[in-house]
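A.B. asks: Have a look; sequence and predicted model below, questions after that.
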Amino acid sequence: MWPTLPNKAQTLAPPKQTLQQTRRVANSPLLDSLLRSDSRLATVVNHAANYELQIIYTQIMRDTLGRPHFTQHDFRLDARQYFNPASLVKLPVAALALEKLHTLGHPGLTRRSPMATRTAFRCQTAAPYVPSTDSDRVNTVGNYIKRMLLVSDNNAYNRLYEFLGQGQLNKRLAQLGYTNSRVTRRFAPCDTTANRHTNPIDFFDTTGQVLYQQPAAFNATSLVPPLGRVIKGRAYRAGGRTIAHPYDFTTANYLPLQDATDILKSLLFPEATVATQRFNLTADDHAFLRFYLRHSPHSSGFRPYSSSAFFDAYKKYLYYGRSPHVLLDSTLRVYNVVGMSHGYLADVAYFTSPSQHSEFLVSAVLYVNQDGIINDGAYEYTSIGLPFLEHLGQAIRRYETTRAHSQAGLFRLAFPIENE
């Protein structure tokens, strides 16, 4: 059963058992010092409360057996400080979709199986199976994951949200220990009830014959918002006019920064994750996710994203900002997921540099909405948010070049395996 939470005073669950070999330094003096050592970060850091800034910087060291040990440094980390996770929720949805394929255990059903999404309730849209000689353009679980991780495609997320079903999606998150997280909405203007209804879906074999059918589903259990009522801003835009009341995020998606960080860590370091918190994935699944978490639209070889519109730094906010002209550093690999919506800007990333034998994680979120109006499109993403994340990633990597790291041999043992 999905757990019910009786009142606001008890909405947030106690901290879960986190990854093995992890030491946390709350309100870290080291991280605070790093943030204040770079003048490019001052505008946000000196007014951190106004920007609702939260940061996690995780150092990684390897022992003599090559096992990772994590030291997490926090800055203003607070699971009670709501932020709109936007596309951050695509990471657990991608992992859970792969996991569900294994759980179903249907012969022949894989991430490459063509699928068709039908409709059965209001606000639902269809996505038919259209055979194509270009396998990248066929609707499959694997291709939807590629679209989510490479360019943060919202429709792809909707299809996998519908494949998982709201109830089972959140039940599984709770089982994995993410009891403060909620994934309750499509990225579409559907009401709360419509989001509890998910579509019927058909899967096909290579000859076009129906392989597996999933009926429409309804989540009969109302999910209790972990933070109680959440309202933000002084006004919001809707229906072409400005409503002079705060925007209500109470039933919106929520993924605390710690949970988003731990999910990425568990996918990159399953061997260092408590068994009860591991996704039920194969080594091939992990390699597949790593490949698309790291690659740019162009370097991935995924044909729908070969045009110049999908530049290399399309979703590498930390370290690169979002410049269409930046050249990626060939000595650095970044595995990440991002979020950008309603004035919130977030990136959760793992950095690794083989030539420097270094690896670390950085997660950050900030709010850039100076006029306080939600949905008006007037956010300071390009003037404040993206430059801050770019400089933050650069500042921490610069510090990492001065820090002792694992021996070269141990690092080679640890380097992630990837697979298309």
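C.D. replies: Sure thing, it's come through.

A.B. asks: Strands of the stretch 251-400 of the chain, residue ranges please.
C.D. replies: All strands of the stretch 251-400 of the chain, identified by DSSP state E, counting those that start in this stretch, fall at 333-341, 344-353, 358-367, 373-374.

A.B. asks: can you put these in a markdown table and add mean pLDDT, mean neighbour count and distance to Arg122?
C.D. replies: Backbone N, C-alpha and C define where each C-beta goes, glycine included. Shown next, in a markdown table, are those (pLDDT from 0 to 100; neighbours: other C-beta atoms under 10 Å; distance: least, C-beta to C-beta, whole Å):
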| stretch | mean pLDDT | mean neighbour count | distance to Arg122 |
| --- | --- | --- | --- |
| strand 333-341 | 98 | 23 | 23 |
| strand 344-353 | 97 | 24 | 28 |
| strand 358-367 | 96 | 25 | 32 |
| strand 373-374 | 98 | 22 | 25 |
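
A.B. asks: do you know which of the ones you listed lies nearest Ala404?
C.D. replies: strand 358-367 (9.7 Å; C-beta to C-beta).

A.B. asks: quick one: contacts for Val362?
C.D. replies: 55-58, 318, 347, 349, 351, 392-393, 396 (C-beta atoms under 8 Å, 6 or more residues apart in numbering).

A.B. asks: let's see it at 10 Å
C.D. replies: 31, 55-58, 73, 261, 318-319, 334, 336, 347-351, 389, 392-393, 395-397, 400 (C-beta atoms under 10 Å, 6 or more residues apart in numbering).

A.B. asks: separation between it and Pro270?
C.D. replies: 21 Å (C-beta to C-beta, to the nearest Å).

A.B. asks: How about Ser330?
C.D. replies: For Ser330, the distance to Pro270 - C-beta to C-beta - is 27 Å.

A.B. asks: Those two: who's more crowded?
C.D. replies: Pro270 (16 against 7; other C-beta atoms under 10 Å).

A.B. asks: Ala283 is in contact with that one, correct?
C.D. replies: Yes: counting by C-beta atoms under 10 Å, Ala283 is a contact partner of Pro270 at 8.8 Å.

A.B. asks: Quick check on Gln72: phi, psi?
C.D. replies: Backbone torsions for Gln72, taken as degrees, to the nearest 10, come to phi -100, psi 130.

A.B. asks: quick one: low-confidence ranges for the stretch 1-150 of the chain?
C.D. replies: 1-21 (pLDDT under 70).

A.B. asks: what are the ranges of the helices in it?
C.D. replies: 29-36, 42-45, 90-104, 141-151 (DSSP state H, counting those that start in this stretch).

A.B. asks: I figured Ala238 hits Asp248, correct?
C.D. replies: No: using C-beta under 10 Å as the test, Ala238 is too far from Asp248 to be in contact (11.2 Å).

A.B. asks: Identify the contacts common to those two.
C.D. replies: Ile374.

A.B. asks: export the strands of the stretch 251-400 of the chain to JSON lines and tack on distance to Ala116?
C.D. replies: Shown next, in JSON lines, are those (distance: least, C-beta to C-beta, whole Å):
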{"stretch": "strand 333-341", "distance to Ala116": "27"}
{"stretch": "strand 344-353", "distance to Ala116": "32"}
{"stretch": "strand 358-367", "distance to Ala116": "36"}
{"stretch": "strand 373-374", "distance to Ala116": "35"}
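
A.B. asks: Find me the pLDDT at Ser296, would you?
C.D. replies: We have a pLDDT of 95 for Ser296.
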